[in-house]
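In: Next input, structure requested:
(one chain, ligands or ions: 2)
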Amino acid sequence: MFTHGGRRQTVALRTANTCSSEESETMKQHNIAPLVLASAIAGSPFLFMQEVVSQTTSATATTSTSFTARDPGVRPGTYAGGPLKNLTASQLEYFGIAQAEFASAETVPEGLGPRMNLDSCGGCHAFPVLGGTSPFHNPQVDFAKGSSNSLPSFITPTGPVREVRFVKNADGTPDGGVHSIFTIAGRAGATGCSLAQPDFAHELAMSNAIFRIPTPVYGAGLIEQIPDTAIHANQLSNATAKQALGIRGRSNIVQAGNTMTGQPNLNGNDGTIARFGWKAQNKSLLLFSGEAYNVEMGISNELFQTERDETPTCQFATTPNDTTNTDAATPADALNGLQKFAMFMRFLAPPAPAPATPSTTRGSNLFSMIGCSQCHTPTLVTGKSTIAALSNQPANLYSDLLIHDMGPGLADGISQGQAGPSEFRTSPLWGLGQRIFFLHDGRTNDLITAIRQHQSGSSRTSDASEANAVVANFNRLSEPDKQHLLNFLRSL
Ligand code: HEC
Ligand code: HEC
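Out: Ligands and ions are numbered 1, 2, ... in the order given. This is a model prediction of the structure:
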């Protein structure tokens, strides 16, 4: 398992121990400087060379023959978090109100728990600003301090925020559900409630626990407004190139009906394409809000009315915990939490990329040439929306919103909707420049590792990742070209 701390050591090693790991972290940030400089005089071949050379000298070696490409690291500054351009005055007002709700922490008297992973949406969706993903310091570590909970081994100060799913139940049948890390036992307002945390050490020893890290929600309103026809048309495009690379991909359809004999009828929906979450398992921002409120924070609501844990001695608020306020003085006050969360995410602007430089332009071309863009579709266009700012807009998300078989190396054994144990949604890459942890379980914070992890299995054993041929293309690039590709990814 790679942690942020682990990465630092790796970087230090790569710089041949000529400096301490702290220094190399700083250098990593400084590597951005030439990139910005080059952008000032974009198009100059001289500066283009400069950039590569400067990367060379700050990496292991001084001669270009032994130059090794490396991840420039998190892009400094903040390029996300504001509202969409062209919102109306009243939409902007609602954005502000909704933003505050997304940031606010809930308490036991307000309905927090009895089991949860944290106390606010914004705590997990935090970096680089509200709406993003795991910050450098894991808020779950501090959260545990206000209770009688203990920290499981996989929650560390410098590791990513994590939620846990169990692959199987004790009797061997599929589980797949989220098992909350914390309980309210020992927290302010929870007198008389005693609840044990799941036995994570046991589940880990049985290889039955998998992790998910938060996905950022910038630009989520644009993703929500992409019509199914646009997703299908993109799926059918470049058929020859995709076939040659072994790329298939399918949509995660929310199935109508979905009754299974002898089992409860779990949430049948409307037969359209689901698109949010690591397996594209969720249909809309409102639905994700309802689910996250109950699953991540233990707040029952008008979409998910029932407490996930009904232990009588641990109920300190009326259910559902969060409701529409019919006595409110203003329309905004009447909204329930879910509507506000969804509104914040819907009105949230996509992340702004860094200005193009000759290196990032070359990297962008390579991204298409070697086939990354066959899954990470640079742009899909939204349909007609009642919200003008979301209507007929390009969404530069770098995803086809389809699920792909990523092979045994990334497989987590969990099925969600039609997405099977080794299938994942092509991660949208916008905002990648400012992400610390990568892949569904946050297993690395190094972009090269993230790319190489796309490759596993083989056609001989019928478990090949659909990305194998593309990763082979990546591996064949020269080191300077790899560097251009990485510079491009960190410019997003
Ligand atoms: C404990 C951390 C945590 C908290 C608290 C949390 N989330 Fe998340 N969020 C996650 C994780 C983990 C995922 C990925 C889940 C998955 O796909 O399995 C996620 C994914 C999402 C997504 C999907 C975005 C996309 O495109 O994939 C949305 C929307 C979202 N969260 C909204 C919310 C809202 C609204 C709240 C507050 C009610 C919230 N989250 C609270 C951890 C958290
Ligand atoms: C077959 C489709 C496919 C191809 C081809 C592909 N990717 Fe991906 N990519 C995915 C999927 C699916 C994920 C999410 C996997 C997971 O988290 O387990 C992903 C995740 C990523 C991530 C991590 C993002 C995050 O949110 O953590 C990066 C970075 C990335 N891809 C870059 C690339 C690059 C660069 C290339 C070309 C060398 C490439 N990908 C080719 C499907 C693809």
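In: In contact with the most centrally placed residue in the chain, which residues?
Out: Centroid-nearest residue in the chain, with CA atoms, centre = their mean: residue 215, separated by 2.0 Å. The neighbours of residue 215, taking CB atoms under 8 Å, 6 or more residues apart in numbering as the test, are 133, 276-278, 427-428. Where C-beta positions appear, they are placed from N, C-alpha and C, glycine not excepted.
In: Could you pick out the buried ones from the residues you listed?
Out: 133, 276-278, 427-428 (16 or more other CB atoms under 10 Å).
In: Going by distance to residue 285, which of the residues you listed wins?
Out: Proximity of the buried ones among the contacts of residue 215 to residue 285 (CB to CB) peaks at residue 276, which lies at 7.1 Å.
In: Name all residues that make contact with that closest one.
Out: With contacts taken as CB under 8 Å, 6+ apart, residue 276 has the following neighbours: 215, 220, 223-224, 282-285, 288.
In: Just these: which are in helices?
Out: Using DSSP state H, the members of the contacts of residue 276 that fall in helices are 220, 223-224, 285, 288.
In: give me the low-pLDDT residue ranges for this structure?
Out: Screening the chain residue by residue with the criterion pLDDT under 70, one finds the ranges 1-65, 255-269.
In: Dump the ones in helices among the contacts of residue 276 to JSON lines, plus neighbour count and distance to residue 109.
Out: Written out in JSON lines, the entries for the ones in helices among the contacts of residue 276 read as follows (neighbours: other CB atoms under 10 Å; distance: CB to CB, whole Å):
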{"residue": "220", "neighbour count": "26", "distance to residue 109": "30"}
{"residue": "223", "neighbour count": "23", "distance to residue 109": "35"}
{"residue": "224", "neighbour count": "21", "distance to residue 109": "33"}
{"residue": "285", "neighbour count": "22", "distance to residue 109": "27"}
{"residue": "288", "neighbour count": "25", "distance to residue 109": "26"}
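In: which two in those residues are spaced the farthest apart?
Out: Farthest-apart pair in the ones in helices among the contacts of residue 276 is 223 and 288; separation 11.0 Å (CB to CB).
In: Grab the nearest non-local neighbour of residue 309.
Out: Nearest in space to residue 309, with sequence neighbours left out and distances taken as CB to CB, 6 or more residues apart in numbering, is residue 114 at 4.6 Å.
In: ok so, going back, could you single out the nearest of the contacts of residue 276 to residue 82?
Out: Out of the contacts of residue 276, the one with the shortest distance to residue 82 is residue 220. That distance is 13.9 Å, counting by CB to CB.
In: you'd agree residue 434 is up against residue 79?
Out: Yes. With the criterion set as CB atoms under 8 Å, residue 434 and residue 79 qualify as a contacting pair; they are 6.5 Å apart.
In: which neighbours do these two share?
Out: The contact lists of residue 434 and residue 79 share 128, 351, where a contact means CB under 8 Å, 6+ apart.
In: Same question for stretch 225-245: list its buried residues.
Out: When neighbours are counted by 16+ other CB under 10 Å, the buried residues of stretch 225-245 are found to be 225-226, 230-231, 234-235, 238, 242, 245.
In: Just list the residues touching the residue of the stretch 201-350 of the chain found nearest ligand 1, thanks.
Out: Of the residues in the stretch 201-350 of the chain, the one nearest ligand 1 is residue 277, at a distance of 3.1 Å by CB to the nearest ligand atom. Residue 277 sits next to 215, 288, 416, 425 when contact means CB under 8 Å, 6+ apart.
In: any idea how far it lies from ligand 2?
Out: 11 Å (CB to the nearest ligand atom, to the nearest Å).
In: Could I get the full set of strands for this structure?
Out: Chain-ordered strands for the chain, with DSSP state E as the definition, fall at 115-116, 163-166, 182-183, 209-212, 252-253, 273-274, 380-381, 394-395, 403-405, 423-425.
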